[in-house]
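In: take this sequence and fold it.
(one chain, ligands or ions: 2)
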Amino acid sequence: MLSKVISEDLIRKTADALERAERIAIVVHVAPDGDAVGSSLGLWHYCMTLEKEPVVIVPSPFPDFFNWMPGADRIVVFENEKEKAASLLQEADLIFALDFNVPKRLAEMADIVLQAPAKKILVDHHLHPGDFAQLVISYPEISSTSELIFRLICRMGDFEKINLAAAECIYTGMMTDTGGFTFNSNKQEIYTIISELIKIGVDKDEIYRKVFNTYSEHRIRLMGYCLYKKMKVYPEYKAALITLTTDELRAFNYRIGDTEGFVNIPLSIAGIDFSVFMREDSDKVKISLRSQGSFPANKFAADVFGGGGHLNASGGESYSSLQDAMLKFEEALPLFKDFLEFEDK
Ligand code: 5GP
Ligand code: MN
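Out: Residues are numbered from 1 along each chain as shown. Ligands and ions are numbered 1, 2, ... in the order given. All right, here's what the predicted structure looks like:
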């Protein structure tokens, strides 16, 4: 028996909204990750069983290694089909906003979602939820939005409606947001849920292979290049930085998702607790920050790059040069020295 994380009131109101709804849109953050795709498709499959014409709309494309997910081929990508996405959002009478806290994370889709007349329900696990939704199901202590979707469906009394397709999507989100259950994954109930998903038929080993072992040769070579040539280590700050320019990305035939997870690798060096990865884009630099222990990657992201996220996994963007972002990073390191944990000698 799972503990009742989501409040009774929110469960009742969500069930009520679902019952009234006829056209449901499900939106997630820009550059969707496994939890964004997994939670939205998990909810989509559930809504399909309710015959509610659900549609998942993502602001920008997601990595190819999520294409196998049941329903992925039905996802509408705003960047590719702006008019269709906009009219679906406009016509929806219920919009679920999943896996992000503030509308800014919807990028170019934000205003359209905000102005859409539909009732909005936020389901998320990031800190500091914005107040753009009528119902806010926000539990930062839960390690993935996919887990929240599982809990939400069960609490509405519909566990039986979680079919294999939904279960596979939910499992994928739980797995990717915990790095294959290597961080944020100490809560016992995660494994109770996994056990239920396996009972439904999920093959967890196969999902691991489909997500983590189907990379292109280019990605693996780019990873090698990053670690050999582009990783800078700052032992006195227990930190590491990897940067990639657009030219370098081009040379390795970069595809969306190819650099996913690179930021985690330096954390496996003894004595490194903070890792930052910067990828130069056409108009900005995308920054990913990871830490272990109590070092606040989200404070660093917010203070230095106007971003945010979780304590150990956060991100931000910089609209000046890559060089400038690197400089900002190096200048900020000494200011965060007090947050580092050093073993007593
Ligand atoms: P990633 O490094 O995988 O892109 O993002 C890790 C986490 O950082 C995300 O789950 C999200 O919470 C947060 N994040 C990523 N990019 C941004 C950003 O530009 N702004 C904010 N506020 N948070 C971000
Ligand atoms: Mn998530």
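
In: residues touching Thr245, list them.
Out: Shown in contact with Thr245 (Cβ atoms under 8 Å, 6 or more residues apart in numbering): 280, 322. C-betas here are computed from N, CA, C, even on glycine.

In: go on, Leu114?
Out: By Cβ under 8 Å, 6+ apart, the contact set of Leu114 is 103, 132.

In: tell me which element it is part of?
Out: helix 110-115 (DSSP states H and E).

In: can you give me how far that helix is from the chain middle?
Out: 20 Å (Cα atoms, centre = their mean, to the nearest Å).

In: buried ones in it?
Out: The neighbour-count check on helix 110-115 (16 or more other Cβ atoms under 10 Å) flags 110, 112-113 as buried.

In: neighbouring contacts of the host helix or strand of Val136?
Out: For Val136, the element it lies in under DSSP H and E is strand 135-138. By Cβ under 8 Å, 6+ apart, the residues outside strand 135-138 that reach it are 6, 10, 13-14, 17, 101, 119-126, 129, 148, 152.

In: helices and strands of this protein: which one has the lowest mean pLDDT?
Out: Least confident helix or strand of the chain, by mean pLDDT, DSSP states H and E, is strand 308-309 with a mean of 90.

In: what about it, near ligand 2?
Out: No: figure legend: strand 308-309 not in contact with ligand 2 (Cβ under 5 Å from the ion); closest approach 9.6 Å.

In: re earlier: and which of the buried residues of helix 110-115 is nearest to ligand 1?
Out: Proximity of the buried residues of helix 110-115 to ligand 1 (Cβ to the nearest ligand atom) peaks at Ala110, which lies at 12.5 Å.

In: my read is that that closest one contacts Phe100, right?
Out: No: with contact defined as Cβ atoms under 8 Å, Ala110 does not count as touching Phe100 (10.0 Å).

In: please enumerate the helices of the stretch 151-300 of the chain.
Out: Per DSSP state H, counting those that start in this stretch, the stretch 151-300 of the chain carries helices over the ranges 164-176, 188-200, 204-212, 217-225, 246-251, 297-305.

In: who in the stretch 151-300 of the chain is up against ligand 2?
Out: Asp177.

In: just give me the neighbour total for the closest residue to ligand 2 within the stretch 151-300 of the chain.
Out: With Cβ to the ion, the shortest gap between the stretch 151-300 of the chain and ligand 2 falls at Asp177, namely 4.5 Å. Each residue near Asp177 was counted by other Cβ atoms under 10 Å, and the total is 27.

In: likewise for Phe339?
Out: For Phe339, the count of nearby residues is 17 (other Cβ under 10 Å).

In: please renumber so the chain begins at 47
Out: Got it, the first residue is 47 from now on, which makes the last one we talked about Phe385.

In: let me see the contact set for the residue in the stretch 197-346 of the chain that ligand 1 sits nearest to.
Out: Across the stretch 197-346 of the chain, the shortest distance to ligand 1 (Cβ to the nearest ligand atom) belongs to Ser334, at 3.1 Å. Residues near Ser334 by Cβ under 8 Å, 6+ apart: 309, 322-325, 360-361.

In: distance check, the closest residue to Gln136 other than its chain neighbours against ligand 2.
Out: Once flanking residues are discounted, Gln136 sits nearest to Ala162: 5.7 Å by Cβ to Cβ, 6 or more residues apart in numbering. Separation of Ala162 from ligand 2 (Cβ to the ion, to the nearest Å): 23 Å.

In: counting neighbours, what do you get for Ala162?
Out: Quick note: Ala162 (other Cβ under 10 Å) scores 19 neighbours.
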